[in-house]
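Asks: kindly return the folded structure for what I paste below:
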Amino acid sequence: MLTSSDTNLAKSTTSAPDGESLSRWWTNVYYYYLTIGIIGGIGCGLIYLPAIVSVGYYFEEKRSFAMGIAVCGSGLGTVVFPFVLPWIMNRFFSNNYKDALLFESVLIFLCIFFGLLMIPLPIEPSEQRRLRIKLQKEAKKQVKKTITNIENENKQAKQSITEHERI
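Replies: Next comes the predicted model:
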């Protein structure tokens with residue numbers, strides 16, 4: 001079952017490569033802004049958020065160290081990727097930017113495998129207790145609402161009976 005982070009990562013892993021691969025057919029710069037800038041940018045932002053937030057859920061004791069590695073890794077990728085992509089483009093694609101953009105979209109799409117590694121954690125006893133209390137409160141509200149509805153129906157029935165007896 002997919003949790004919210006898994007679902008978010010799965011959706012973004014499809015939208016970010018879509019923006020990159022659609023940019024292969026750009027005819028003017030505004031189309032390029034739309035595909036890579038908006039579609040790809042939103043998708044990459046949606047990939048980044050659950051990846052960083054999930055680190056806080058999976059690590060208890062060394063959370064700050066794990067968070068530092070995750071954030072440092074994203075910064076390192078941001079610095080290295082602009083230098084590596086032109087090298088890959090020159091080496092493997094003979095300066096064909098369309099195939100290089102397709103390769104980049106495939107690289108981004110590979111993030112879905114990392115999203116599948118996000119296994120939902122078991123619910124802790126304190127969380128189970130909080131959920132049980134919340135369900136009890138909701139059940140009490142529902143019972144009160146039902147009792148109020150029944151009382152209102154009884155009042156209306158009594159009023160209609162007394163009005164009927166007067167006639």
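Asks: for L85, give its distance to V53.
Replies: 27 Å (Cβ to Cβ, to the nearest Å). No exception for glycine: its C-beta is placed from N, CA and C like everyone else's.
Asks: next one: S160
Replies: For S160, the distance to V53 - Cβ to Cβ - is 57 Å.
Asks: of these two, which one has the most company?
Replies: V53 (14 against 10; other Cβ atoms under 10 Å).
Asks: can you give me the pLDDT of N8?
Replies: Note for N8: predicted pLDDT of 62.
Asks: cool, and Q142?
Replies: 92.
Asks: so L121 touches Y57, yeah?
Replies: Yes - counting by Cβ atoms under 8 Å, L121 touches Y57, with 6.2 Å between them.
Asks: in this protein, where is pLDDT below threshold?
Replies: Applying pLDDT under 70 to the chain flags residues 1-12, 123, 167.
Asks: residue ranges of each domain in it, please.
Replies: The chain breaks down by automatic domain parsing into domains covering 4-121, 123-167.
Asks: most packed of these?
Replies: Neighbour counts (mean count of other Cβ atoms under 10 Å) averaged over each of the domains of the chain peak at domain 4-121, with a mean of 15.
Asks: check the offset of it from the chain's centre.
Replies: Domain 4-121 has its C-alpha centroid displaced from the chain centroid by 14 Å (Cα atoms, centre = their mean, to the nearest Å).
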